[in-house]
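1. take this sequence and fold it.
(chains A, B, C, D, E and F)
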4 protein chains.
Amino acid sequence: MASNKYEEIVLAAVKLFDKKGYHATSVQDIADAVGLQKGSLYHYISGKADLLLGVAQRAITEFNLRMERILASKESAQSKMKKALEMHLQLVTHDVQLSTVLLRESVALGENPQQVIQDATDQYLDLWTRLIEEGMAGGEFRPGNARMKALAVLGACNWVYRWYQEDGALTSEMVADIYADLFLDGIANSK
Amino acid sequence: MASNKYEEIVLAAVKLFDKKGYHATSVQDIADAVGLQKGSLYHYISGKADLLLGVAQRAITEFNLRMERILASKESAQSKMKKALEMHLQLVTHDVQLSTVLLRESVALGENPQQVIQDATDQYLDLWTRLIEEGMAGGEFRPGNARMKALAVLGACNWVYRWYQEDGALTSEMVADIYADLFLDGIANSK
Amino acid sequence: MASNKYEEIVLAAVKLFDKKGYHATSVQDIADAVGLQKGSLYHYISGKADLLLGVAQRAITEFNLRMERILASKESAQSKMKKALEMHLQLVTHDVQLSTVLLRESVALGENPQQVIQDATDQYLDLWTRLIEEGMAGGEFRPGNARMKALAVLGACNWVYRWYQEDGALTSEMVADIYADLFLDGIANSK
Amino acid sequence: MASNKYEEIVLAAVKLFDKKGYHATSVQDIADAVGLQKGSLYHYISGKADLLLGVAQRAITEFNLRMERILASKESAQSKMKKALEMHLQLVTHDVQLSTVLLRESVALGENPQQVIQDATDQYLDLWTRLIEEGMAGGEFRPGNARMKALAVLGACNWVYRWYQEDGALTSEMVADIYADLFLDGIANSK
DNA sequence: TATGAATGAGCATTCATTCAT
DNA sequence: GATGAATGAATGCTCATTCAT
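-> Numbering: from 1, shown residues only, chains lettered A, B, ... in the order given. Below is the predicted model of the structure:
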């Protein structure tokens, strides 16, 4: 099992990557944050890039896991959609730092490692698409391009890391409520 | 005024920043791309960061300008919303590279320059919020938190740079149509 | 505390600064001189300028320390003057390189660091002025502008770094004897 | 005859070299100061180093010229000594900037050009040595090492550029008086 | 004369990584 | 495990100088 020290390092890295960005964060910074020498860090990590990759992977995996659970449940599509929004926004807002790193810094990884993240992300998009497709198939949702609607929803949700304040007045549930209302019923007053 | 060479440099920079990211792009890379020596670049730019700042500013300014024009027009809120979506998505998809740089790399700027971009971005959000508020006031839109609905719409639209393929089958108009439908009337089959 | 390597670097820097001047000496030169890579130097120094500052400070501090000791002694003003001349010239001639750097390169430091050196130098001038003032007060020295006489003496002594040959026939004692004779009794044959 | 523009350039260079030091002064700085483009400067000068060399040469030549005139005059050695001190100090204080450059920046020249200055300087020292030797031969001055006494006097006088304030209360005549008194009769109260 | 674009070598500094102890 | 010295490549940037126009 991963040692405590490793967890400490990952945590420190996430915090720093969030605040300063991946590139602006030096290995020295991370070492300072955990009270180790730069060289000692390499007993736990194999490199700065791998640290980022690990961080990103750990984040996206959680998203996929939870989404699969929601999809597997026996509820209405509308209900699943609300749950999925709540889940996604909860993860995003619960660890804005982690989300920031995941959503912003993936370019920093070379092409190959980035693909790993991309694949997991694509899988996540698939799950959302399936949710919407099922809703359409069941008549709960209006027909249309499910994939693109999923992209719109995910885009809106991912953007949250840009403005959400962990210590602000808004909880993730409140955001989820508003977003669910918006995405399910639209802005317009259809009367 | 702006010389051809400067434009060439900015273009090359945008392309490179998009592909490799701001940090992974060296001044040397840019110089190579325009066929100049590294040092010669500094006749045109005052530094790598300023290049990014300039690029970002030029992009966000265009968004604000167009949004103001739409807001000033005499049309229904629904119509304005559609126009705004078209405009935004057209800009984003027309120069995905530029958008990528704007939306992804602003952290790379120091705090002060970043603020400049942030301010312009905030102003843009204000314009969208106003559009929605006016729709609510006029009874065209259902009441609610206009600012957060604006954030959702913008998030969805900005995310497009992540998946849009300039040479793909989808035009920005098609995306705008689908997004307008989604945001105005929602996913659900309200029947 | 100070490691051997650091001393080695300082020594090499002094030698190079003396020979080629501060600006004409590159960090590479210093690295070559101590057999390290350029980058490795930064384990020991925090920058080229600080190296110079450190060198200068170390030099001027020694001057002040010794001068204070002489002033504190219970001897005639004439005797103190001779001792001070011997001391100053011994330091200057013993490490002409160090003196050269101190006396020639302080402009190279920015304004603030330069001030540190200037302050220490001013203090040294004060000590000399006091020596002469005490001589005047005691009737040993003819009355006059003590500060300016101190400036003349110091100017003459500092100039020595310009012509003194460490491997020449002249010892610092010989120079001190001649200078003491000159400054105490003058050139003129007062009969 | 040297054009006005050239004089302007030299003047600007001296001023800048004095204030910021030779190395810290860029050709751009000089160009800015005279309102020309960097490239245009090279119609008048052949390089930055030559500019310094010219400046230095022009300065030292004046010293030599005046000293020869004094030596040729028919006066007592004491009187010549006073006149020489007045002359030297007047030149030094009249254009402290020029003196600073001459006395501080000669290292900046490569070895060969520096030699030119060194030769002129050596010649100047010879003239002073001759003055003192003649005083000794005539019995006006106490016997001793004339060259070293000249070095002491010159050192004291040259040092003046380090502390003299062009806009201060002290005139060069006042300094010359005090220095003449000091060098001729010494500090000590010979009773 | 004057310009200003272009050069190309040079510079101080940073940094992820390695490795002997 | 931990250290910290050492690496060496890379980076952004400066600058004196050249030269076609």
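2. so what are the domain limits for chain A?
-> As given by automatic domain parsing, the domain ranges for chain A are A:1-45, A:49-185.
3. and chain A, which of its residues are near DNA strand F?
-> Applying C-beta under 7 Å from any atom of the strand, we find that chain A lies next to DNA strand F at A:S3, A:K5, A:L36, A:Q37, A:K38, A:G39, A:S40, A:Y42, A:H43, A:Y44. The C-beta positions use only the backbone N, C-alpha and C, and glycine is treated the same way.
4. which element is the residue nearest the centre of chain A on?
-> The residue lying closest to the centre of chain A (C-alpha atoms, centre = their mean) is A:S99, at 5.0 Å. Counting by DSSP states H and E, the element that carries A:S99 is helix A:96-104.
5. helices and strands around that helix, which ones?
-> For helix A:96-104, the elements it packs on are helix A:4-20, helix A:48-72, judged by 3 or more C-beta pairs under 8 Å, 6 or more residues apart in numbering or on different chains; DSSP states H and E.
6. show the subsequent helix or strand relative to the first one.
-> I take that to be helix A:4-20. helix A:27-34.
7. and for the longest one?
-> Secondary structure here is assigned by DSSP H and E; on that basis, the next helix or strand after helix A:48-72 toward the C-terminus is helix A:77-94.
8. how close does A:Y179 get to A:A152?
-> Distance, A:Y179 to A:A152, by C-beta to C-beta, to the nearest Å: 11 Å.
9. now the angle from the helix-or-strand element of chain A with minimal mean pLDDT to helix A:77-94?
-> Every helix and strand of chain A was ranked by mean pLDDT, DSSP states H and E. The lowest is helix A:96-104, at a mean of 88. Following axes from the mean of the first three to the mean of the last three C-alpha atoms, to 10 degrees, one obtains 110 degrees for the angle between helix A:96-104 and helix A:77-94.
10. ok, helix A:96-104 near DNA strand E or not?
-> No: Helix A:96-104 stays clear of DNA strand E (C-beta under 7 Å from any atom of the strand), getting no nearer than 14.9 Å.
11. distance from that helix to the middle of the chain?
-> 7 Å (C-alpha atoms, centre = their mean, to the nearest Å).
12. what sits up against the host helix or strand of A:G155?
-> Under the criterion of DSSP H and E, A:G155 resides in helix A:146-159. For helix A:146-159, the external contacting residues (C-beta atoms under 8 Å, 6 or more residues apart in numbering or on different chains) are A:85, A:88-89, A:92, A:99, A:103, A:124-125, A:128-129, A:131-133, A:136, A:179, A:183, B:151-160, B:162-163, B:175, B:178-179, B:182-183, B:187.
13. give the next helix or strand downstream of that helix.
-> Beyond helix A:146-159 toward the C-terminal end (DSSP H and E), the next one is helix A:172-185.
14. below-threshold pLDDT in chain A: ranges please.
-> Scanning chain A for pLDDT under 70 picks out A:1-2, A:191.
15. can you name the residue of it nearest to chain C?
-> Closest approach between chain A and chain C, counting by C-beta to the nearest C-beta: A:K38, at 11.3 Å.
16. let's have the residues of chain A next to DNA strand F in JSON lines, adding distance to chain B, secondary structure and neighbour count.
-> Below are the residues of chain A next to DNA strand F laid out as JSON lines (distance: C-beta to the nearest C-beta, whole Å; DSSP: H, G, I helix; E, B strand; the rest coil; neighbours: other C-beta atoms under 10 Å in any protein chain shown):
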{"residue": "A:S3", "distance to chain B": "30", "secondary structure": "coil", "neighbour count": "10"}
{"residue": "A:K5", "distance to chain B": "28", "secondary structure": "helix", "neighbour count": "14"}
{"residue": "A:L36", "distance to chain B": "25", "secondary structure": "coil", "neighbour count": "18"}
{"residue": "A:Q37", "distance to chain B": "25", "secondary structure": "coil", "neighbour count": "10"}
{"residue": "A:K38", "distance to chain B": "20", "secondary structure": "helix", "neighbour count": "13"}
{"residue": "A:G39", "distance to chain B": "24", "secondary structure": "helix", "neighbour count": "9"}
{"residue": "A:S40", "distance to chain B": "26", "secondary structure": "helix", "neighbour count": "12"}
{"residue": "A:Y42", "distance to chain B": "22", "secondary structure": "coil", "neighbour count": "13"}
{"residue": "A:H43", "distance to chain B": "27", "secondary structure": "coil", "neighbour count": "10"}
{"residue": "A:Y44", "distance to chain B": "24", "secondary structure": "coil", "neighbour count": "17"}
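17. farthest pair within these?
-> Longest distance between any two of these is 18.4 Å, between A:S3 and A:K38; criterion C-beta to C-beta.
18. other SSEs contacting the lengthiest helix in chain A?
-> The residue-count maximum for a helix in chain A (DSSP state H) belongs to helix A:111-137. With contacts taken as 3+ C-beta pairs under 8 Å, 6+ apart, helix A:111-137 sits against helix A:48-72, helix A:77-94, helix A:146-159.
19. now the closest residue to A:R130 other than its chain neighbours: how far from A:F17?
-> Nearest residue to A:R130 in three dimensions, chain neighbours excluded: A:L71, at 6.4 Å (C-beta to C-beta, 6 or more residues apart in numbering or on different chains). For A:L71, the distance to A:F17 (C-beta to C-beta) stands at 30 Å.
20. the more surrounded of those two?
-> Using other C-beta atoms under 10 Å in any protein chain shown as the criterion, A:L71 and A:F17 rank with A:F17 on top: 28 against 16.
21. chain B versus the more buried one, what's the distance?
-> Using C-beta to the nearest C-beta, to the nearest Å, A:F17 is found at 10 Å from chain B.
22. pretty sure that residue sits against A:H23.
-> No: judged on C-beta atoms under 8 Å, A:F17 makes no contact with A:H23 at a distance of 9.3 Å.
23. contact partners of stretch A:15-28?
-> Here stretch A:15-28 has contacts from A:13, A:29-30, A:33, A:38, A:41, A:48, A:52, A:55, A:96-98, A:100-101, A:104-105, A:108, B:23, B:107-108, using C-beta under 8 Å, 6+ apart.
24. and the residues you listed, which are buried?
-> Among the contacts of stretch A:15-28, those classed as buried by neighbour count (16 or more other C-beta atoms under 10 Å in any protein chain shown) are A:13, A:29-30, A:33, A:41, A:48, A:52, A:55, A:96-98, A:100-101, A:104-105, A:108, B:23, B:107-108.
25. re earlier: so which of the helices and strands packed on helix A:96-104 comes closest to D:F63?
-> Using C-beta to C-beta, the helices and strands packed on helix A:96-104 put helix A:4-20 closest to D:F63, at 58.1 Å.
26. quick one, the closest one and helix A:48-72 angle?
-> With the same axes, to 10 degrees as the basis, helix A:4-20 and helix A:48-72 are set at 90 degrees to each other.
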